[in-house]
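A.B. asks: Fold the following, please.
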Amino acid sequence: STLALHFVTILGFLFTAISLLFGIYVLAMWWLGKAVEGFTTVIFLQLIIGSVIMLALGIIGEYLSIIYTEVKQRPHYILSESGQDQKRNLPHDQ
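C.D. replies: Reported below is the predicted structural model:
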């Protein structure tokens, strides 16, 4: 199932967006002269790096799942009946 891969990709996008919003907030506070105390830069960099890594792993996982389904070489659909089967069952006079 590729549900987990989709979940990781969506989480990567979500965490990247949250990290960027946090970075914008920190820059706005710094620009207004109200610097956020603590290890803000370190936390911000860890959030950005972690979320980008999660996003990249999700994208790579989705790509690998597409390759895996193509390599299995299963048919896209299976016919339960075909026109050829119906022609064989018809009497000869028709």
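A.B. asks: CA only for contacts and neighbour counts going forward, please
C.D. replies: Will do.
A.B. asks: now for the longest helix belonging to the chain, which elements pack on it?
C.D. replies: Taking DSSP state H as the criterion, the chain has its longest helix at helix 40-71. With contacts taken as 3 or more C-alpha pairs under 8 Å, 6 or more residues apart in numbering; DSSP states H and E, helix 40-71 sits against helix 3-31.
A.B. asks: Packing partners of the helix it packs on?
C.D. replies: In terms of contacts (3+ C-alpha pairs under 8 Å, 6+ apart), helix 3-31 is packed against helix 40-71.
A.B. asks: Residues in contact with stretch 5-12: which ones?
C.D. replies: 51-59, 61-62 (C-alpha atoms under 8 Å, 6 or more residues apart in numbering).
A.B. asks: just for the protein, where's the confidence low?
C.D. replies: 82-94 (pLDDT under 70).
A.B. asks: still on that earlier bit, which one of the contacts of stretch 5-12 is nearest to residue 40?
C.D. replies: Distance to residue 40 across the contacts of stretch 5-12 (C-alpha to C-alpha) is lowest for residue 51, with 16.3 Å.
A.B. asks: Any of the contacts of stretch 5-12 buried? List them.
C.D. replies: Buried members of the contacts of stretch 5-12, scored by 16 or more other C-alpha atoms under 10 Å, are 51-52, 54-59, 61-62.
A.B. asks: hang on, the earlier thing: now render the contacts of stretch 5-12 as JSON lines, adding distance to residue 8.
C.D. replies: Output for the contacts of stretch 5-12, formatted as JSON lines (distance: C-alpha to C-alpha, whole Å):
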{"residue": "51", "distance to residue 8": "10"}
{"residue": "52", "distance to residue 8": "11"}
{"residue": "53", "distance to residue 8": "11"}
{"residue": "54", "distance to residue 8": "7"}
{"residue": "55", "distance to residue 8": "7"}
{"residue": "56", "distance to residue 8": "9"}
{"residue": "57", "distance to residue 8": "8"}
{"residue": "58", "distance to residue 8": "5"}
{"residue": "59", "distance to residue 8": "9"}
{"residue": "61", "distance to residue 8": "9"}
{"residue": "62", "distance to residue 8": "10"}
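A.B. asks: just curious, which of these is nearest to residue 77?
C.D. replies: Nearest to residue 77 among the contacts of stretch 5-12 is residue 62, at 21.9 Å by C-alpha to C-alpha.
A.B. asks: Nice, that's everything, thank you.
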